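Q: structure for the following, please:
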Amino acid sequence: MKKFSLIIVALIVLTMGGRLAAQNSKTADLEIKTSAQCSMCKETIEKAMAFEKGVVKYELVVETKILKVTYKPSKTSPETIRKAVSAAGYDADDVAADPKAYQNLSDCCKKPEDRQSDHSEHQH
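A: All right, here's what the predicted structure looks like:
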């Protein structure tokens, strides 16, 4: 009888473990190269991710400009996530920053080559 009980317990544990593994496979990881420049960029991009449906976890590493995202493929896609970063004013891999959103960024958040042209325009 003890042997039978142990088998039942083992089957329950294995079944539960399988369910946990299935839950973990319901998410996917994505790394996006961004045009982020500073901690203000990090705040803006992470705020955009907070409002993105299906995004579970996110972190922008400013030093590498890499946005790490864990998301639910059943709720969103890499394309949608990249578009959200673009809508915030930043490049996301091969998706260019939305021009209007980019213009509204603080000067420190713009690409160095654009900051120089902005300054030269203001000097004339």
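
Q: tell me the buried residues in stretch 77-86?
A: For stretch 77-86, burial by neighbour count (16 or more other CB atoms under 10 Å) applies to Pro78, Ile81, Arg82, Ala84, Val85, Ser86. Every C-beta, even on glycine, is put in place using the N, C-alpha and C of the backbone.

Q: for stretch 57-74, the distance to its chain's centre please.
A: 3 Å (CA atoms, centre = their mean, to the nearest Å).

Q: ok, now stretch 28-37?
A: With CA atoms, centre = their mean, you get 6 Å for stretch 28-37.

Q: buried sites along it?
A: Applying 16+ other CB under 10 Å to stretch 28-37 flags Leu30, Ile32, Thr34, Ser35, Ala36, Gln37 as buried.

Q: give me the mean pLDDT for it.
A: In this model, stretch 28-37 has a mean pLDDT of 97.

Q: cross the buried residues of stretch 77-86 against helices and list the overlap.
A: Pro78, Ile81, Arg82, Ala84, Val85, Ser86 (DSSP state H).
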